[in-house]
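> Give me a model of this one.
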Amino acid sequence: IALMAVAFVSCQKDGVYNPKHKIAKVYNEWVKTTVTTDASGSTTKIDSLKPYVAQEWTWGDKTLESITSKNDDGRITETRNFNYDDNNRIIGCTGDNDEKAEYIYNDDKKLQTIKITEGPNETTTIDIAYDGKVPTSITTVWTYTIGKKVSDFTKSILPEYICSAIEANQLHAKTTTFSNTLTSAIEWDGKNISQVVTTGEDNYKHTVTYEYDSKSNPFIGMYAEMDYEIAYSKNNIVKRTESYVEGNKTIIEEESFEYEYDGKMPVKCIYTDVHEDEYFGTTYKITTVNTTTYEYTK
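Next up is the predicted model:
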C-alpha cells in the first residue's frame with residue numbers, strides 16, 4: 001500500500017495538508033514465508049528484511065516540501081518536490097527525471113484532475129467525478145510508448161494495480177504508442193469507500209473491497225498519493241481483498257492491517273498479504289508480513 005502522511009485532520013480541504021504532528025521518517029521491514037506443496041510434500045522458505053529508512057519527509061511552515069525514497073541500502077531511488085498555491089493547496093509535483101504532476105480544482109474547490117507527464121509520449125490523466133462532496137468515479141487515461149516502464153514517480157501517485165494495468169497493456173499493443181482508459185467506480189458505506197471496481201478494454205476487471213475499524217483515518221487528505229480508499233475514507237482499513245482475472249483463472253488476494261498508537265497518533269502499521277497460486281500441480285502460498293513504522297518531527 002502506498003506510504004502517506006500520518007496525522008489527524010479536521011475540516012479537511014481538498015489539496016491542503018497541514019497536520020499538527022508531522023512525519024519525519026518512515027521505516028520499512030518485512031518477513032516473507034513461502035510454503036511450496038507438491039506430490040513429495042511441503043517445504044517452507046523464510047526471507048526477511050531488517051528495518052530501514054524508506055522515506056524522509058521535509059516540511060516548510062505549513063506544507064510538505066518533498067519526499068525522498070530510499071532502498072534498504074540507503075540509496076535514494078526517487079525524490080518528489082511539491083508546489084502549492086496561495087491557499088496551500090497542492091498544485092504540482094516534480095520528480096528527478098523531468099516527471100511532473102499537475103493538480104487542477106473545479107469551481108467547488110474539489111480536486112478535479114491530475115495530469116502526470118513522464119516524457120514527450122508518456123502521459124496519464126486522472127479525472128474525478130463527484131456526487132455531492134464524495135468521488136464516485138475516477139477515469140484514468142494514459143498514452144505510452146511501447147516498452148516504456150511506468151516510472152517510480154507515477155507509481156508513487158497511482159494505485160499499484162493501475163500501474164500494473166498500464167504495463168500489462170503494452171503486451172497487446174500493435175503500434176509504437178498506445179492509449180487506454182480505465183474507469184474506477186467507487187461505492188461507499190457511510191463515510192468509507194467499501195468497494196472500487198475498475199474496468200477497461202479486453203474485458204479487464206479489477207475489484208477491491210475494504211473493511212474498516214472505528215478509529216479516525218490518520219492518512220486522509222494526502223492527495224499527492226491517490227490510493228483512493230486512504231485519501232478519502234474516514235476510518236482505517238483492517239482488511240483489503242483484491243479480485244482479478246489472470247489467464248483463465250480468477251485470482252483473489254487478501255491483506256489484513258493492524259495498528260499501534262502512541263496516544264492518538266499511529267506509530268506502526270502491520271499488514272499481512274497472503275497470495276496462493278498453482279503451477280503444474282505445485283501450489284505456492286506466500287505470506288508476507290510488512291511493518292511500517294513512523295517517526296515524527298520533534
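
> Just give the number of residues close to the residue lying closest to K234 once chain neighbours are set aside.
The shortest distance from K234 to any residue that is not its chain neighbour, by Cβ to Cβ, 6 or more residues apart in numbering, is 3.9 Å, and that residue is K191. All C-beta spots, glycine's among them, are computed from the backbone N, C-alpha and C. Using other Cβ atoms under 10 Å, K191 has 13 neighbouring residues.

> Look up how far N235 lies from K191.
K191 sits 8 Å away from N235, going by Cβ to Cβ, to the nearest Å.

> Likewise for T282?
With distances defined as Cβ to Cβ, the gap from T282 to N235 amounts to 40 Å.

> Looking at these two, which is more packed in?
Counting neighbours by other Cβ under 10 Å for T282 and for N235 shows that N235 has the greater number, 17 against 12.

> From I116, how far off is the nearest residue in space to the more buried one that is not next to it in sequence?
Across the structure, with Cβ to Cβ, 6+ apart as the measure, the residue nearest N235 apart from its sequence neighbours is Y212 (4.0 Å). When distances are taken as Cβ to Cβ, Y212 and I116 turn out to be 29 Å apart.

> do G92 as well
In this structure, G92 and I116 are 11 Å apart, going by Cβ to Cβ.

> any common contacting residues for those two?
Counting by Cβ atoms under 8 Å, 6 or more residues apart in numbering, the residues touching both G92 and I116 are K100, A101.

> The two: who's more crowded?
With neighbours defined as other Cβ under 10 Å, G92 and I116 compare such that I116 has more, 23 against 13.

> Pairing partners for the helix or strand containing the more buried one, with directions?
If you go by DSSP states H and E, I116 is part of strand 111-119. Its sheet considered, strand 111-119 pairs with strand 100-105 (antiparallel), strand 122-131 (antiparallel) by DSSP bridges.

> Centre of the chain to the first one, how far?
The one in question is strand 100-105. Distance of strand 100-105 from its chain centroid, counting by Cα atoms, centre = their mean, to the nearest Å, is 17 Å.

> Output that strand as CSV, restricted to C-alpha atoms.
Provided in CSV are the C-alpha atoms of strand 100-105 (Å, rounded to 0.1, in the frame of the first residue of the first chain):
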residue,chain,number,x,y,z
LYS,A,100,5.7,16.2,-13.2
ALA,A,101,2.1,16.1,-12.0
GLU,A,102,-0.4,19.0,-12.2
TYR,A,103,-3.4,19.2,-9.8
ILE,A,104,-6.5,21.0,-11.1
TYR,A,105,-9.5,22.0,-8.9
